[in-house]
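Peer 1: Fold the following, please.
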Amino acid sequence: MTAAIISGAETGRRPAIAPDGSPVLDVVIPVYNEETDLEPCIRGLHAHLVEQFPYPFRITVADNASTDGTLRVAERLSREFDDVEVRHLEEKGRGRALRAVWSTSDAPVLAYMDVDLSTDLAALGPLVAPLLSGHSDLAIGSRLARGARVVRGPKREFISRCYNLILRGTLAARFSDAQCGFKAIRDELAERLLPHIQDTGWFFDTELLVLAQKAGLRIHEVPVDWVDDPDSSVNIVATATADLKGIARLTKATLTGQIPISGLREQLGRAPIQVRAPGVPPSLVRQLVRFAAVGVASTIAYLVLFLLLRTFTGAQVANLVALLVTAIGNTALNRRLTFGIRGREGAGLHQFQGLIVFGLGLALTSGALALLHTMTAPGLPLEITALVLANLAATVLRFLLLRGWVFRRRTATEMES
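Peer 2: Numbering: from 1, shown residues only. Prediction:
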């Protein structure tokens, strides 16, 4: 991969300009038995780049095991155009073709698009511009982003939206369209990510995006104009089956640590931004939001347990058991989600300190119940109202103690980094 890139900002995102005149952009066209569509694709793309792209470029045809005249057409075009090259692979697979070209290219920005040119080439400039400037790390064309204009049948539309919903639910994907064949990446980041991508087919795109997101890379989305190719040779059922298997494999790999996400973040320098303001602890707003979400879930679980236990025991006992169970879960969730502490180190101490905080919460809620019973003979609705109000006060106290005492060492480390 190239090292001819002008250095830039302290963030590590540098302008992708090659001062020695070598190609700045390498657009890969992966093909398999596309002798009919290949020539109009290359001629149209080449003309567009000559007219619209101000830097040196290269178009690479990646022929992966075609059995028709595709390779012959590609070689003829490479003889006609100096900036068109051909790579021939003996095995099929879009992912395999992209890996082979991207891993050896000398261009700072690597892109690819489908040979049918379903995506309007007017989106190519907006796709690569943030990568050239150093603002973003990876860019994707999206048919589902606001502003996109898409022409395709209801079947493919339904499958595409369902697939992206599955990605959001299983892998927490935040990008809107994983499968659009119109993407670009900075070469130094491709060099880091490619060794961790296993898929050699259509799931390659999804795997790349998921790893990029989890590594903290900045993904830029471009709404595109896209028209479905009715003659597409893609087997939708086989592709969908392979994608679901890929999702299962990738989910397992990220959960078990087979993919070193933290190591990638460290290598790529994409740790979360730390805000340093005098007198303002870091991530306060984010911590408050996550603590509130955990608190709502804990309160609901507490009330459900209290109501179940209250049917066969007294209010004080029901309150004690419900509060104890939810306090353990609350401490564990806040440790992981609110304060970002992973691993088992210190977990026992944190739970012990959390139980002390629980004791203070128990004193507040039990005191509220005792006070209520000395004043009147309350029914269940009044008991619940008193407990909710007491829990609100206990929640405020819990956040202050968790942040300022239980997880104080973690917060101090963040402020020093």
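
Peer 1: ok now stretch 115-135, how far from the chain's centre?
Peer 2: 20 Å (Cα atoms, centre = their mean, to the nearest Å).

Peer 1: Endpoint to endpoint, that stretch covers what distance?
Peer 2: 28 Å (Cα to Cα, to the nearest Å).

Peer 1: Do a quick rundown of the helices in this structure.
Peer 2: 38-52, 70-80, 94-102, 124-133, 154-171, 187-193, 204-214, 236-256, 261-268, 284-310, 315-333, 347-375, 380-401, 408-416 (DSSP state H).

Peer 1: Mean pLDDT, mean neighbour count and distance to Val24 for these - can I get that in JSON lines?
Peer 2: Heads up, the C-betas are built off the backbone N, CA and C, glycines and all. Output for the helices of the chain, formatted as JSON lines (pLDDT from 0 to 100; neighbours: other Cβ atoms under 10 Å; distance: least, Cβ to Cβ, whole Å):
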{"stretch": "helix 38-52", "mean pLDDT": "96", "mean neighbour count": "16", "distance to Val24": "11"}
{"stretch": "helix 70-80", "mean pLDDT": "96", "mean neighbour count": "17", "distance to Val24": "20"}
{"stretch": "helix 94-102", "mean pLDDT": "95", "mean neighbour count": "23", "distance to Val24": "15"}
{"stretch": "helix 124-133", "mean pLDDT": "95", "mean neighbour count": "20", "distance to Val24": "7"}
{"stretch": "helix 154-171", "mean pLDDT": "82", "mean neighbour count": "14", "distance to Val24": "31"}
{"stretch": "helix 187-193", "mean pLDDT": "94", "mean neighbour count": "19", "distance to Val24": "10"}
{"stretch": "helix 204-214", "mean pLDDT": "93", "mean neighbour count": "23", "distance to Val24": "21"}
{"stretch": "helix 236-256", "mean pLDDT": "82", "mean neighbour count": "14", "distance to Val24": "32"}
{"stretch": "helix 261-268", "mean pLDDT": "82", "mean neighbour count": "15", "distance to Val24": "21"}
{"stretch": "helix 284-310", "mean pLDDT": "82", "mean neighbour count": "16", "distance to Val24": "37"}
{"stretch": "helix 315-333", "mean pLDDT": "82", "mean neighbour count": "19", "distance to Val24": "47"}
{"stretch": "helix 347-375", "mean pLDDT": "78", "mean neighbour count": "15", "distance to Val24": "49"}
{"stretch": "helix 380-401", "mean pLDDT": "76", "mean neighbour count": "16", "distance to Val24": "50"}
{"stretch": "helix 408-416", "mean pLDDT": "42", "mean neighbour count": "13", "distance to Val24": "38"}
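
Peer 1: of all these, which lies closest to Trp226?
Peer 2: Minimum separation from Trp226 across the helices of the chain (Cβ to Cβ) falls at helix 154-171, 10.5 Å.

Peer 1: ok so, going back, could I get the helices of the chain as a markdown table with distance to Val109?
Peer 2: Formatted as a markdown table, those follow (distance: least, Cβ to Cβ, whole Å):
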| stretch | distance to Val109 |
| --- | --- |
| helix 38-52 | 13 |
| helix 70-80 | 21 |
| helix 94-102 | 11 |
| helix 124-133 | 5 |
| helix 154-171 | 25 |
| helix 187-193 | 7 |
| helix 204-214 | 15 |
| helix 236-256 | 26 |
| helix 261-268 | 17 |
| helix 284-310 | 32 |
| helix 315-333 | 41 |
| helix 347-375 | 44 |
| helix 380-401 | 45 |
| helix 408-416 | 34 |
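
Peer 1: With respect to His220, which of these lies nearest?
Peer 2: So among the helices of the chain, helix 124-133 is nearest, using Cβ to Cβ, at 4.7 Å.

Peer 1: Can you tell me which helices and strands the closest one packs against?
Peer 2: helix 38-52, strand 109-113, strand 138-142, strand 182-186, strand 219-223 (3 or more Cβ pairs under 8 Å, 6 or more residues apart in numbering; DSSP states H and E).

Peer 1: of all the helices of the chain, which lies closest to Asp177?
Peer 2: Comparing these by Cβ to Cβ, helix 154-171 comes nearest, at 6.5 Å.

Peer 1: Any idea how far that closest one is from the middle of the chain?
Peer 2: Worked out by Cα atoms, centre = their mean, helix 154-171 lies 16 Å from the chain centre.

Peer 1: residues in contact with it?
Peer 2: Residues from elsewhere that reach helix 154-171 (Cβ atoms under 8 Å, 6 or more residues apart in numbering): 143-144, 150, 173-174, 176-179, 206, 210, 228, 236, 240, 243-244, 247, 250-251, 254.

Peer 1: Check stretch 115-123 too.
Peer 2: Counting by Cβ under 8 Å, 6+ apart, 29-31, 34, 37-38, 40-41, 44-45, 48, 113, 141, 180-182, 222-229, 231-232 sit against stretch 115-123.

Peer 1: Could you pick out the buried ones from the residues you listed?
Peer 2: 29-31, 34, 37-38, 41, 45, 113, 141, 180-182, 222-226 (16 or more other Cβ atoms under 10 Å).

Peer 1: how close does Pro40 sit to Val28?
Peer 2: 17 Å (Cβ to Cβ, to the nearest Å).

Peer 1: got it, and Asp114?
Peer 2: Distance from Asp114 to Val28, by Cβ to Cβ: 11 Å.

Peer 1: So for these two, which residue has more residues nearby?
Peer 2: Val28 (24 against 20; other Cβ atoms under 10 Å).

Peer 1: my guess is the more buried one contacts Thr60, does it?
Peer 2: Yes - applying Cβ atoms under 8 Å, one finds Val28 in contact with Thr60, separated by 4.9 Å.

Peer 1: Now for these two: what residues contact both?
Peer 2: Val101.

Peer 1: so what's the residue sitting nearest the centre point of the chain up against?
Peer 2: Nearest to the geometric centre of the chain sits Gln213, at 3.2 Å (Cα atoms, centre = their mean). Going by Cβ under 8 Å, 6+ apart, Gln213 touches 173-175, 219.

Peer 1: among these, which are in strands?
Peer 2: Applying DSSP state E to the contacts of Gln213, the entries found in strands are Ile219.
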